[in-house]
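A.B. asks: only geometry, no sequence info:
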């Protein structure tokens, strides 16, 4: 099941197309080049470690972005109405994903 979840998470993170993408105020207030650098860094992130990804689901990442500092991203799983937790994150028919990108200091 973790491999299925990781694949779905990777699709959202690398394309920004299969769920919602939310940025915090700190990310939204970056200048345009910094903002695009953060977004591209999240899209191309592949440095998953056991410490940050203990279940192999690719649902969290921490990275350093030059000129910005430490950035976190995370993926949460909701039901199809975005009201409650998903009953099965491996099933895209009952799950909506939300990718949140934030400055580490906003966590």
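C.D. replies: Received it, and whenever you're ready, just let me know what you need. None of these values were measured; they are calculated from a predicted model.
A.B. asks: so which residues of this structure form helices?
C.D. replies: Ranges of helices in the chain, per DSSP state H, are 2-15, 25-28, 32-43.
A.B. asks: can you say which of those is packed in most?
C.D. replies: A comparison of the helices of the chain by mean neighbour count, using mean count of other CB atoms under 10 Å, puts helix 2-15 on top with a mean of 17. From N, CA and C alone the C-beta is placed, and that goes for glycine too.
A.B. asks: what does it contact?
C.D. replies: When contacts are defined by CB atoms under 8 Å, 6 or more residues apart in numbering, helix 2-15 is touched by residues 17-19, 21, 42-45, 55-59, 61, 73, 75, 89-90, 92, 95, 97, 99.
A.B. asks: one more: stretch 23-30?
C.D. replies: By CB under 8 Å, 6+ apart, stretch 23-30 touches 35, 38, 68, 71, 100, 101, 102, 103, 105, 106.
A.B. asks: from those, pick the one nearest residue 1.
C.D. replies: Using CB to CB, residue 100 is the member of those that sits closest to residue 1, with 22.5 Å.
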